[in-house]
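Q: what follows is a predicted structure for the sequence shown.
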Amino acid sequence: MSAAKDAGNRGEAAAARFLRQRGYRILASQWRCRYGELDLVARDRMGVVCFVEVKLRGAGAIALPREFVDRRKQDRLRCAAALYLNHRGLSDAPVRFDVAEVYLEKDGSLRVEYLEDAFI
């Protein structure tokens, strides 16, 4: 496995732990379809299905992780989310798109900043 893929997996695991600690239930991880991959799909305490894009950045990164979720990426995530909802029979569920910014600290630890409703 590449170092980048390993780091990405660590970031997604950290984001999943963060969500579980806040009462979310993880429905899927690394769900793939023709539009790409949904990093995490979770359900919050209110029953909202949350599609979570996880972005990992190291110390000293030039831009915020959320800035890498551009309009093109958002469009692909929306299409993948629609497929996921249809595939799982959740077409009527309330949904939102979140971004989990995972920062690799200098000491090797991971810190999660979570943005609800990052885009529509």
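A: Looks like it came in fine.

Q: helices of this protein, start to end?
A: Read by DSSP state H, the chain holds these helices, from start to end of the chain: 3-21, 71-87.

Q: turn those into CSV, including mean neighbour count, mean pLDDT and distance to residue 42.
A: Where you see a C-beta, it was placed from the backbone N, CA and C, and this is true even at glycine. As requested, those are exported to CSV (neighbours: other Cβ atoms under 10 Å; pLDDT from 0 to 100; distance: least, Cβ to Cβ, whole Å):
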stretch, mean neighbour count, mean pLDDT, distance to residue 42
helix 3-21, 16, 89, 5
helix 71-87, 15, 97, 12
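
Q: of those helices, which is nearest residue 39?
A: Shortest distance between residue 39 and the helices of the chain, using Cβ to Cβ, is found for helix 3-21: 5.6 Å.

Q: thought residue 77 was touching residue 33?
A: No. Applying Cβ atoms under 8 Å, one finds residue 77 not in contact with residue 33, separated by 10.9 Å.

Q: can I get the helices of the chain in TSV including distance to residue 107?
A: Converted to TSV, the helices of the chain look like this (distance: least, Cβ to Cβ, whole Å):
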stretch	distance to residue 107
helix 3-21	14
helix 71-87	30
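
Q: out of those helices, which comes closest to residue 105?
A: Nearest to residue 105, of the helices of the chain and by Cβ to Cβ, is helix 3-21 at 11.2 Å.

Q: and for the closest one, what are the contacting residues?
A: Among residues not part of helix 3-21, those counted as contacts by Cβ atoms under 8 Å, 6 or more residues apart in numbering are 1, 26, 29-30, 39-40, 42, 50, 52, 54-56, 100, 102, 104, 110, 112, 114.

Q: so which residue of the protein lies furthest out from the middle?
A: No residue in the chain has its C-alpha farther from the mean C-alpha position than residue 107, which lies at 23.6 Å (Cα atoms, centre = their mean).

Q: so what does that one look like in phi/psi?
A: When quoted as degrees, to the nearest 10, the phi and psi of residue 107 stand at phi -90, psi 0.

Q: any idea how far it is from residue 69?
A: As judged by Cβ to Cβ, to the nearest Å, residue 107 and residue 69 stand 27 Å apart.

Q: thinking again about what came up before, out of the contacts of helix 3-21, which are buried?
A: Neighbour-count burial (16 or more other Cβ atoms under 10 Å) applied to those gives 26, 29, 39-40, 42, 50, 52, 54-56, 100, 102, 104, 110, 112, 114.
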